[in-house]
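J.: Pasting the sequence and the predicted coordinates here, then a few questions.
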Amino acid sequence: MKITRVEAIPFAIPYRKPLKFASGEVHVAEHVLVRVHTDDGITGVAEAPPRPFTYGETQAGIIAVIEKIFAPQVVGLTLLEREAMASRLARTVGNPAAKAAIDMAVWDALGRTLDVQVTELLGGYTDRMRVSHMLGFDEPAAMVAEAQRMRDEHGITTFKVKVGRRPVSLDTAVVRALREGMGEDVELYVDGNRGWTASESAMAMKEMADLGLLFAEELCPADDVLGRRWLVSQLDVPFIADESAVTPADVTREILAGSATAISIKTARTGFTHSQRVHHLAEGLGLEVVMGNQIDGQIGSVCTVAFGASYALTSRRAGELSNFLDMSDDLLTEPLEIHDGELNIRPGAGLGIEIDPAKLERYRQDR
């Protein structure tokens, strides 16, 4: 079970349409496939999706830090020495997606070695999750049409609506159109990606007070300490800390400061090892948890559902598991399918996925 090699392979797959939100927009999924090889001939895989607008990582940066710093630090360790591995990776600040992908590929390799599913290794609570679909910026009619299509084709009834534009009425009109067009049976929540001020956020939430929102997420910047605390104190729905609460220390700070009342766990930035720590803290504090999406492809979505299905808390709410539907293609030999609004974990050892060599050859960017 000794790690012998770590690969970082850049690939790029276009989106069917640009994904637009307050912190930027994405036209192409420029991700990194990470493969961890062992002396037993086992290979674990994961995906690192850069988010330069949020965490400062780029595709080239992820490859460089893995090849030059992280790979030499983990080669020679066994798949069971995850704490030693985490300690070595922590010597380098930042680079959350690169660290997370190595961690998840190690878990995948461990599951394959033991012939056990990753979900079983983590907790084994269930084998599926309900799916929430993210709706990016567009005209109200177009966003309603997309939501209706997702419900009709995939059975999805929970929607995360991107907000944060000015004037706020642009987005409150969209959310109202979604409620009127989709009815009371669907779940709606909003994510501002820090796009509004605290006062704009309060105004928008008042305009949407009658729409039965499930959550509000990162409406204003976390570094507006007093403004965000003031905002959260007057809301009657849970306020999710996402990019402001990545580590257990971040979660503790935001919750105790009154700046959030719920959290988002994203395996793409905390892997499985650190996501466990965040989950256990949230469970102890009695927080609501949503499994978030870092514009993941199918590999990343498999990782998210594998972790989310492991625990009662993370599988209680619909997880953000459908971003791959916006991509024109992916790398798996057996593409994911969402049925009746649910995504199942994959059968088989580890994460239960295999990379299609022909697709990787087509989309990789290093040849």
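T.: Nice, I can see it. Numbers count the residues shown, from 1 in each chain.

J.: Sketch out the low-pLDDT regions of this structure for me.
T.: For the chain, the stretches flagged by pLDDT under 70 are 22-23.

J.: Quick test: name the residue nearest the centre of it.
T.: Centroid-nearest residue in the chain: Asn293, 2.3 Å away (criterion: Cα atoms, centre = their mean).

J.: Determine the longest helix present in the chain.
T.: Ordering each helix of the chain by length in residues (DSSP state H) puts helix 96-114 first.

J.: can you tell me the helix or strand for the residue nearest to the centre of the chain?
T.: Under DSSP states H and E, no helix or strand contains Asn293.

J.: Thought Val131 was touching it, still the case?
T.: No: assessed by Cβ atoms under 8 Å, Asn293 is found out of contact with Val131, at 10.3 Å. Every residue, glycine included, has its C-beta placed from N, CA and C.

J.: quick revisit: quick check: next helix or strand after the longest helix of the chain?
T.: Taking DSSP H and E, what comes next after helix 96-114 is helix 118-122.

J.: got a list of contacts for that following helix?
T.: Residues outside helix 118-122 that contact it (Cβ atoms under 8 Å, 6 or more residues apart in numbering): 107-108, 110-111, 114, 127, 272, 276, 306-307, 309-311, 345, 350-351.

J.: buried stuff in the helix or strand just after it?
T.: Later in the chain than helix 118-122, the nearest helix or strand by DSSP H and E is strand 128-135. Neighbour-count burial for strand 128-135 flags 129-135 (criterion: 16 or more other Cβ atoms under 10 Å).

J.: so where do the helices sit in the stretch 201-350 of the chain?
T.: For the stretch 201-350 of the chain, the helices defined by DSSP state H, counting those that start in this stretch occupy 225-234, 248-256, 267-270, 273-285, 298-308, 312-315.

J.: mind checking which of the ones you listed is nearest Ser201?
T.: helix 225-234 (5.3 Å; Cβ to Cβ).

J.: Dump that closest one to CSV, restricted to CA.
T.: Written as CSV, here are the backbone C-alpha positions of helix 225-234 (Å, rounded to 0.1, in the frame of the first residue of the first chain):
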residue,chain,number,x,y,z
VAL,A,225,-17.5,41.4,10.2
LEU,A,226,-20.1,43.7,11.8
GLY,A,227,-22.3,44.0,8.7
ARG,A,228,-22.6,40.2,8.3
ARG,A,229,-23.3,39.7,11.9
TRP,A,230,-26.0,42.3,11.7
LEU,A,231,-27.5,40.6,8.6
VAL,A,232,-27.5,37.1,10.1
SER,A,233,-29.1,38.3,13.3
GLN,A,234,-32.3,39.4,11.4
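
J.: Also compute the angle for that helix relative to helix 248-256, please.
T.: Inter-element angle recorded for helix 225-234 and helix 248-256: 60 degrees (by axes from the mean of the first three to the mean of the last three Cα atoms, to 10 degrees).

J.: other SSEs contacting helix 225-234?
T.: helix 198-207 (3 or more Cβ pairs under 8 Å, 6 or more residues apart in numbering; DSSP states H and E).

J.: residues making contact with the helix it packs on?
T.: 163, 166, 168-169, 171-172, 190, 192, 196, 213, 216, 219-220, 224, 227-228, 230-231, 234-235, 237.

J.: next one: stretch 229-242
T.: When contacts are defined by Cβ under 8 Å, 6+ apart, stretch 229-242 is touched by residues 189, 191, 198, 201-202, 205, 209, 213-220, 222, 250-251, 254-255, 257-264, 266, 288, 290, 292.

J.: thinking again about what came up before, closest one to Glu320 out of the buried residues of strand 128-135, please.
T.: Using Cβ to Cβ, Ser132 comes nearest to Glu320 of these, at 5.0 Å.

J.: residues touching the closest one, list them.
T.: Residues in contact with Ser132 (Cβ under 8 Å, 6+ apart) are 156, 158-160, 187, 290, 317-322.

J.: surely Glu218 meets Gly192?
T.: Yes: taking Cβ under 8 Å as the definition, Glu218 is a contact partner of Gly192 at 5.6 Å.

J.: Next one: the closest residue to Val186 other than its chain neighbours from Glu320, what distance?
T.: What sits nearest to Val186 in space, not counting adjacent residues and going by Cβ to Cβ, 6 or more residues apart in numbering, is Thr157, at 4.8 Å. Separation of Thr157 from Glu320 (Cβ to Cβ, to the nearest Å) stands at 14 Å.

J.: Likewise for Phe21?
T.: Distance of Phe21 to Glu320, given as Cβ to Cβ: 13 Å.

J.: Those two: who's more crowded?
T.: Neighbours were counted for Phe21 and for Glu320 using other Cβ atoms under 10 Å; Glu320 has more, 26 against 21.
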